[in-house]
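In: quick one, what's the 3D model for this:
(one chain, ligands or ions: 1)
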Amino acid sequence: MTVSQNLKARRDAAVANGVATRGIYAARAENAELWDADGKRFIDFAAGIAVNNTGHRHPKVMEAVSKQAEAFTHTCFHVAPYESYVALAERLNDATPGDFRKKTMMVTTGAEAVENAVKMARAYTGRSGVIAFSGAFHGRTLMGMALCGKVTPYKKSFGAMPPEVMHAPFPNEFHGITVEQSLAALDNILKSSLDPERVAAIIIEPVQGEGGFNIAQPEFLRALRKVCDEHRIVLIADEVQAGIARTGKLFAFEHAGVAADLVTMAKGLAGGFPLSAVTGRAEIVDAAPVGGIGGTYAGNPLAVAAASAVLDVIEEEDLCTRATEIGGAIKARLTDIAARHGMEAIGDVRGLGAMIAFELVTDRTTNNPDPALTQVIVAEAEARGLIILPCGTRANAVRLLPPLTTPAPILEEALDILEASIEAAVNATAVAAE
Ligand SMILES: Cc1ncc(COP(=O)(O)O)c(C=O)c1O
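Out: You can find the predicted model right below:
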């Protein structure tokens, strides 16, 4: 039995089943590489699910955290606040899109940021309804899961959802949903199901993460801005996965040239330390009563120090530009793979910056999803030493989230592994079908 197999047996006996896990038990990691408990090396194109945008253990991040650990690790911001939290809030207020006065609050996870954004929107508008989109993922808390636009596994078995949460279709040209159709469906919700005067917020991922890296077209985001302005609805940009330089801009909404009222961020923000934030219009953020938002660990000093270093690294290493370059190289290779191997299986290659996915289909005429092939590609890549993740409402997309600090030779090596994995998976499933 290998060390990893032994760990899996212990994990199966001791850890909740509902917590999904892969078979890679991490022992150490550095930038874009990870070694498992048996010493096997992997290139990590999951980056802890879009967390390690600055790579594993970036030296500047580690140094900032160590320095903070020498001073104090926790006081609780509600009890004994600290300058670093205030300074990070100032920085996020400046960095998020929108030329208006902003304020920030920090929590720990992406789901918590979403919960708090909804609470602020409700307090500000005095309304309770929220509109999200099909395929959306906003977290696993009660409101978070209600906002998710995918039933299995996020909502299955968990009972009634909070009322007045509705979903409009996310525009998805590949699956035949145009921007116009999506906007018409939203209009229909506001006319037939939910009085706009009861809608506190519309929440959208500018690029859907778990839903399959579907990109909200700039004109769609601009149209949502208009709808929100017309009905005094708070527009929330969930940048938890797409934010922090991943799409080639610090925030993905920047591609649309409009600003949301509130921005939720987490994941890449603190380079591997748990931190999330809500930044937005001061009057909306301040609508929550004193003591109504926050938490014991919210804005933990070590994570705040890490986040400040992450933002420095993004600037110093020009990681927004690097995201665009990396994404361009990946897209070019995937398009080339599909063309060179005459692959019917790759239906779509899409992405913004270094947030790239390809969608597997049974054939290019029907574009019917092929989740089985997706699983085989992920497994083939893992066997060859590349960690990639599946995603998509129909579980038929592979997403690539390389650290933005991935050195060029490692990127090339990863793309070679990816190509071999796709080829092997397509051949294996073709043989199995004969
Ligand atoms: C867009 C988006 N929102 C919210 C979340 C929830 O974040 P967390 O898992 O940290 O609660 C995620 C996590 O994947 C996400 O991608």
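In: residue 35 contacts residue 25, correct?
Out: No. Taking CB atoms under 8 Å as the definition, residue 35 is not a contact partner of residue 25, at 10.2 Å. C-beta: built from backbone N, CA, C; applies to glycine.
In: compare those two (neighbour count), which wins?
Out: Counting neighbours by other CB atoms under 10 Å for residue 35 and for residue 25 shows that residue 25 has the greater number, 19 against 15.
In: contact partners for that one?
Out: 3, 4, 7, 8, 36, 37 (CB atoms under 8 Å, 6 or more residues apart in numbering).
In: the fourth one: how many residues sit nearby?
Out: Meaning residue 8. Residues near residue 8, counting by other CB under 10 Å: 16.
In: setting aside sequence neighbours, what's the nearest residue to it?
Out: Computed as CB to CB, 6 or more residues apart in numbering, the closest residue to residue 8 that is not its neighbour in sequence is residue 23, at 6.1 Å.
In: against the ligand, how distant is the one you found?
Out: From residue 23 across to the ligand, the span is 21 Å (CB to the nearest ligand atom, to the nearest Å).
In: ok, that residue touching residue 2?
Out: No. Between residue 23 and residue 2 there is no contact under CB under 8 Å: 9.9 Å.
In: just list the residues touching the residue nearest to residue 396 when sequence neighbours are not counted, thanks.
Out: Once flanking residues are discounted, residue 396 sits nearest to residue 369: 3.7 Å by CB to CB, 6+ apart. Counting by CB under 8 Å, 6+ apart, residue 369 touches 359, 360, 361, 362, 392, 394, 395, 396.
In: sorry, back to before: mind checking pLDDT for the residue nearest to residue 8?
Out: For residue 23, the pLDDT comes out at 93.
In: now do residue 433
Out: Residue 433 carries a pLDDT value of 69.
In: what sits closest to residue 297 if chain neighbours are left out?
Out: Closest to residue 297 by CB to CB, 6+ apart is residue 108, at 5.4 Å.
In: and that neighbour, how far from the ligand?
Out: 8 Å.
In: run through the bridge partners of the residue nearest to residue 370 when sequence neighbours are not counted.
Out: Excluding its sequence neighbours, the residue lying closest to residue 370 (CB to CB, 6+ apart) is residue 360, at 4.4 Å. Residue 360 has these beta-bridge partners by DSSP bridges: residue 346.
In: could you measure from the closest residue to the ligand within the chain over to residue 275?
Out: The ligand sits closest to residue 110 of the chain, with a gap of 2.2 Å, by CB to the nearest ligand atom. In this view, residue 110 and residue 275 are 10 Å apart by CB to CB, to the nearest Å.
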